[in-house]
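K.L.:
Quick one: sequence plus predicted model below, questions after.
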Amino acid sequence: MYDVIIVGARVAGASTAMLLARRGLDVLVVDRATFPSDTLSTHQVQLPGIARLARWGLLERVIAAATPATRAVRFDPGPAVLEGRFPVHDGVDALYSPRRAILDQILVDAARAAGAEVREGFAVDELLEEDGRITGVRGHERGGGPVREHARLVIGADGRHSLVAKAVRPPAHHEHPALSVAYYTYWEDVPVAGGEVTGRPFRLTGAWPTNEGLTMTYVAAPVAEFHALRKDIEGHVLRTLDGAGDIGERVRAGRRAERLYGTADLASWVRRPYGPGWALVGDAGLAMDPVTGQGISDAFRDAELLADAVHAGLGGERPLEAALAGYERERDAAVLPMYEFTAQLATCAPPPPEQALLFEAIARDPAQISRFFGVLTGAVPVAEYFAPRNLARVVGFGGMARMMLGRVRAPRPAAAVPAPG
């Protein structure tokens, strides 16, 4: 019997496996995929995620894979253009946008090096249950017969369509239907000086450097347009990039290196991430629209929180249920303000005119631009930045009065989540 079985070996699962194995737990992690392999992704590892990779001793491996650093950003929401650099956060000042075949392989290798058993090409067919408690998994390798494995805890890190979550049916809160549809691809010979984010009426775009000298472009639109856009996806992407400054000219002068990838399967939820014999991490327990690119960094954060809780619970430091309840509270407190901020942005609606006051107020102040970019990367808490006292300091009391009269939409503080039971 294992201490922990983890279903899913990408960013959430491999990270959790590595952290638990480093603490001496007996860990099995399985995935139906084999590595290296690609998956749909926003690519961005935001500053807090990069800081964790550095602490885990893995950032140098990401850099060694020729993953370019992004320190400068051009943010053009329409009312004003903000150009600057990310702030320093926990010793790092750049985000990275690695291809997932590279990042996931680094994490899988790190889990193995820590002592976790990793089974690639292993599909889980069902969870095993005894007296209302999850006790293991039944699955199979490709071409092989059924295999049963047991553990003290089974962790679902198997993404948006989590088999573990479907089996245990956890309650959810703060749910949103899909709000945006997103498409991305890669370009050769398309120069970028750093990250580029552009907002236009009902369109959001991003351009980021990634491995092999490629530039990744991302285009989001309201989900209501999905069926119309599917009739001419390439035309939609090119027209949107044409409207986002000169990035359209640059991609037309370059060459598209791969096909277009996209999805409208972008519902958001916050699920209770634990129960008798099971826990959830990554998109299995917390999924938000990718428009703010928080998914990978959130997975790293929650892997640390869950590993701390599991180590404490299985090690006898405190009851496992109480430790996992603490994991839920810490995760929700950390994510909910950004979660609601992301839901606002994912509508792709034009910003209200009053927001121009904020952007105009900070456009000529490099320190304030850097701090705002810290909000976008998750290094500066959303609720802290949009607190009335901070906004008054940024735009002045006169500007603050005009913002209040105009009812500018700052992210609403998330309601407190009731304690389990």
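P.N.:
Good, I have the coordinates.

K.L.:
alpha carbons only for contacts and neighbour counts from here, please
P.N.:
OK.

K.L.:
OK, contacts around the most centrally placed residue in the chain?
P.N.:
Closest to where the C-alpha atoms of the chain average out (C-alpha atoms, centre = their mean) is Gly295, at 0.7 Å. By C-alpha atoms under 8 Å, 6 or more residues apart in numbering, Gly295 lies in contact with Thr42, Gly282, Asp283, Ala287, Met288.

K.L.:
Narrow the residues you listed to those in strands?
P.N.:
When strands are assigned by DSSP state E, the members of these inside them are Ala287.

K.L.:
Return the member of the contacts of Gly295 nearest to Ile247.
P.N.:
Proximity of those to Ile247 (C-alpha to C-alpha) peaks at Thr42, which lies at 18.4 Å.

K.L.:
and that closest one, how far is that from Phe386?
P.N.:
Plainly put, Thr42 is 25 Å away from Phe386 if you go by C-alpha to C-alpha, to the nearest Å.

K.L.:
Which one of the two is surrounded by more residues?
P.N.:
For Thr42 against Phe386, the residue with the higher neighbour count under other C-alpha atoms under 10 Å is Thr42, and the figures read 25 against 17.

K.L.:
Setting aside sequence-adjacent positions, which residue approaches that one most closely?
P.N.:
Nearest residue to Thr42, sequence neighbours excluded (C-alpha to C-alpha, 6 or more residues apart in numbering): Gly293, at 5.6 Å.

K.L.:
On the pLDDT front, check the one you found for me.
P.N.:
pLDDT, Gly293: 97.

K.L.:
picking that back up, any chance of the contacts of Gly295 in a markdown table, with pLDDT and distance to Arg329 too?
P.N.:
Formatted as a markdown table, the contacts of Gly295 follow (pLDDT from 0 to 100; distance: C-alpha to C-alpha, whole Å):
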| residue | pLDDT | distance to Arg329 |
| --- | --- | --- |
| Thr42 | 93 | 26 |
| Gly282 | 98 | 15 |
| Asp283 | 98 | 17 |
| Ala287 | 98 | 16 |
| Met288 | 97 | 18 |
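
K.L.:
among the contacts of Gly295, which two are most distant?
P.N.:
Thr42 and Gly282 (14.2 Å).

K.L.:
got the contacts of Gly295 as a markdown table, with distance to Thr217 columns?
P.N.:
Converted to a markdown table, the contacts of Gly295 look like this (distance: C-alpha to C-alpha, whole Å):
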| residue | distance to Thr217 |
| --- | --- |
| Thr42 | 10 |
| Gly282 | 24 |
| Asp283 | 23 |
| Ala287 | 22 |
| Met288 | 20 |
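
K.L.:
ok, so of the contacts of Gly295, who is nearest Pro352?
P.N.:
Relative to Pro352, the closest of the contacts of Gly295 is Met288; by C-alpha to C-alpha it sits at 22.8 Å.

K.L.:
Would you confirm that that closest one contacts Asp265?
P.N.:
No - contact between Met288 and Asp265 fails when scored by C-alpha atoms under 8 Å: they sit 10.9 Å apart.

K.L.:
Name the residue in these two with the higher neighbour count.
P.N.:
When Met288 and Asp265 are compared on other C-alpha under 10 Å, the one with more neighbours turns out to be Met288, at 27 against 15.

K.L.:
Name the nearest residue to that one, sequence neighbours excluded.
P.N.:
Using C-alpha to C-alpha, 6+ apart and skipping the chain neighbours, the partner closest in space to Met288 is Ser268 (4.5 Å).

K.L.:
Surely the one you found and Val291 touch.
P.N.:
No - checked against C-alpha under 8 Å, the pair Ser268 and Val291 is beyond contact range at 11.8 Å.

K.L.:
what ranges do the helices span in this protein?
P.N.:
11-22, 47-55, 59-64, 100-114, 163-168, 226-229, 233-242, 247-253, 295-314, 320-346, 355-362, 366-376, 382-385, 388-405 (DSSP state H).

K.L.:
Those helices: lowest mean pLDDT?
P.N.:
In terms of mean pLDDT, the lowest-scoring of the helices of the chain is helix 388-405 (a mean of 69).

K.L.:
Nearest spatial neighbour of Val251, chain-adjacent residues omitted?
P.N.:
Val190 (5.7 Å).

K.L.:
Contact partners for that neighbour?
P.N.:
By C-alpha under 8 Å, 6+ apart, the contact set of Val190 is Leu214, Thr215, Arg250, Val251, Ala253, Gly254, Arg255.

K.L.:
Likewise for Ala9?
P.N.:
When contacts are counted by C-alpha under 8 Å, 6+ apart, Ala9 is found next to Val29, Val30, Asp31, Asp104, Val108, Val118, Ala157, Asp158.

K.L.:
Model confidence for it, exactly?
P.N.:
Each residue has a pLDDT score; the one for Ala9 is 98.

K.L.:
Please report how far it lies from Met216.
P.N.:
The span separating Ala9 from Met216 equals 24 Å under the rule C-alpha to C-alpha.

K.L.:
Then Ala178?
P.N.:
Plainly put, Ala178 is 23 Å away from Met216 if you go by C-alpha to C-alpha.

K.L.:
can you check Phe386 too?
P.N.:
Taken as C-alpha to C-alpha, the spacing of Phe386 relative to Met216 amounts to 30 Å.

K.L.:
okay, now the closest residue to Glu117 other than its chain neighbours: neighbour count?
P.N.:
In space, Glu117 comes closest to Leu28 once its chain neighbours are excluded; the distance is 4.8 Å by C-alpha to C-alpha, 6+ apart. Summarising burial for Leu28: neighbours were counted as other C-alpha under 10 Å, giving 26.

K.L.:
Could you do Leu58 as well?
P.N.:
Under the neighbour criterion other C-alpha under 10 Å, Leu58 is assigned a count of 17.
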